[in-house]
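Student: Attaching a predicted model along with its sequence, questions to come.
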Amino acid sequence: MQQPNNRWTPNQAWEKMKHFCAYQERCQQEVYQKMRAASLTAEEADTIISRLIEENYLNEERFARQFAGGHFRLKKWGKQKIVYALKQKQISDYCIRKAMEEIGEDDYTQALHKLARAKWAAIRTGTPAQRWAKTKLFLLQKGYQGNEVQAVLQQLQRGDLEE
């Protein structure tokens with residue numbers, strides 16, 4: 001039995017990648033991986049990526065800003081987790097710095113306080129030390145910095161963070 005030919009022609013790849021990038025913001029790594037999975041050579045993929053950038057279908061800074069803003073607002077990720085995820089997508093340090101500007105300090109602090117209060121209230125069992133540890137671990141896993149988390153937990157324990 002013969003396998004169907006999965007290889008895209010450069011013209012097919014251009015059309016597919018144009019629609020892929022127009023549908024939602026993408027980073028170069030995602031586009032490159034998709035084209036390599038369709039058996040395009042590295043040279044063909046690089047040519048198409050260059051054209052996508054020239055025609056403004058692909059913009060790393062725009063992607064990074066949207067990624068950071070969206071993951072902060074929707075998933076309540078902290079800055080550390082967002083930076084790590086962007087680095088995993090091979091986004092430049094410049095674009096990462098620009099993306100972090102999307103997150104206002106007041107909004108960031110408010111989100112941290114709201115998450116801390118919600119998690120603190122949700123933990124009903126265990127000793128106060130266990131409650132502290134579970135809340136701290138949750139906030140650290142969300143990507144908030146240790147010193148910020150420590151300060152918020154101390155405020156919670158004192159009762160300074162009531163709504």
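Tutor: Good, I have the coordinates.
Student: Have a look at this structure and report its longest helix.
Tutor: When the chain is parsed with DSSP state H, its longest helix is helix 105-122.
Student: any idea of the mean pLDDT for it?
Tutor: For helix 105-122, mean pLDDT is 93.
Student: neighbours of residue 127, just the number please.
Tutor: The number of residues packed near residue 127 is 8, by other Cβ atoms under 10 Å. Heads up, the C-betas are built off the backbone N, CA and C, glycines and all.
Student: pLDDT value on it, please?
Tutor: On the pLDDT scale, residue 127 gets 86.
Student: State the phi and psi torsions of it.
Tutor: The phi/psi pair for residue 127 (degrees, to the nearest 10) reads phi -80, psi 170.
Student: Residue 71 against residue 80, yeah?
Tutor: No: counting by Cβ atoms under 8 Å, residue 71 does not reach residue 80; the two are 11.8 Å apart.
Student: Mind checking which of these two has more residues around it?
Tutor: Taking neighbours as other Cβ under 10 Å, residue 71 and residue 80 compare with residue 71 leading, 19 against 15.
Student: so which helix or strand takes in that one?
Tutor: With secondary structure defined by DSSP states H and E, residue 71 is part of helix 60-75.
Student: what residue ranges in this protein score low on pLDDT?
Tutor: Within the chain, the stretches with pLDDT under 70 are 1-5, 160-163.
Student: Just the helices from it, written as ranges.
Tutor: Going by DSSP H, the chain shows helices at 10-23, 28-37, 42-54, 60-75, 79-88, 93-100, 105-122, 128-141, 146-158.
Student: and the second one, what other elements does it pack with?
Tutor: Taking 3 or more Cβ pairs under 8 Å, 6 or more residues apart in numbering; DSSP states H and E as the contact definition, the neighbouring helices and strands of helix 28-37 are helix 10-23, helix 42-54.
Student: Tell me the buried residues in the longest one?
Tutor: To tie it back to what came earlier, the one meant is helix 10-23. Across helix 10-23, burial judged by 16 or more other Cβ atoms under 10 Å covers 13-14, 17-18, 20-21.
Student: One more: the last one?
Tutor: By neighbour count, with 16+ other Cβ under 10 Å as the criterion, the buried positions of helix 42-54 are 44-45, 48-49, 52.
Student: Would you format those as CSV with distance to residue 126 included?
Tutor: Listed next are those as CSV, based on distance: Cβ to Cβ, whole Å:
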residue, distance to residue 126
44, 57
45, 52
48, 55
49, 51
52, 52
